[in-house]
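In: Could you look at this predicted model? Sequence included:
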Amino acid sequence: MTDYDTSTHTTSELVRLVTGHLDVVFTERESDYRGVYHLAQGTYGRIEIQQNAIPGDDGQDLYTPKHPAVRVLLLTNTPAPKPTLHTRLGTIQSLVHLGRESW
């Protein structure tokens, strides 16, 4: 399952905050499809932070077109809900849950 969250923080600020709250290490990655994003894997599953605007063949596309005003995304991928993960993330000021998708 994937949870989508957003924040008013910049990508680098959100990486720093999530690192501090979850004690994870992010690595910067680059993808032709997603552009630059940050990835951490571990106890809490796969955690990604990226811009909503991604490079496209015709300019810029949105990773989550349902939320065009969203600038930064926090994606958490886990096989099942992890209450501890969401409790810890919930302490980050201005983090807003956008939704959940089951695989």
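Out: Arrived safely, thanks for sending.

In: residues of the lowest-mean-pLDDT helix or strand in the chain that come out buried?
Out: None of the helices or strands of the chain scores lower by mean pLDDT, DSSP states H and E than strand 59-62, at a mean of 77. Across strand 59-62, burial judged by 16 or more other CB atoms under 10 Å covers residue 62. All C-beta spots, glycine's among them, are computed from the backbone N, C-alpha and C.

In: Identify the residues contacting stretch 69-85?
Out: The contact list for stretch 69-85, computed with CB atoms under 8 Å, 6 or more residues apart in numbering, reads 1-7, 9-11, 14, 18, 22, 44-53, 63-64, 89, 95, 98.

In: Starting from the least confident helix or strand of the chain, tell me which strands it pairs with and how they run.
Out: strand 53-56 (antiparallel) (DSSP bridges).

In: Give me the contacts around the strand it pairs with.
Out: For strand 53-56, contacts defined as CB under 8 Å, 6+ apart pick out 32-35, 60-63, 71.

In: Given whichever helix or strand comes after the least confident helix or strand of the chain, what are its sheet partners and their directions?
Out: Heading C-terminal from strand 59-62, the first helix or strand you meet, by DSSP states H and E, is strand 72-77. Strand 72-77 pairs in its sheet with strand 2-6 (antiparallel), strand 45-51 (antiparallel), by DSSP bridges.

In: who's the most centrally placed residue in the chain bridged to?
Out: Central residue of the chain (CA atoms, centre = their mean): residue 74, 1.6 Å from the mean position. In this entry, residue 74 is beta-bridged to residue 5, residue 49, by DSSP bridges.

In: What does the pLDDT read for it?
Out: We have a pLDDT of 96 for residue 74.

In: got the contact list for the longest helix along the chain?
Out: In the chain, assigned by DSSP state H, the helix with the most residues is helix 11-22. Here helix 11-22 makes contact (CB under 8 Å, 6+ apart) with 7, 9, 24-26, 38, 40, 44, 47, 49-51, 72, 74, 85, 88-89, 91-92.
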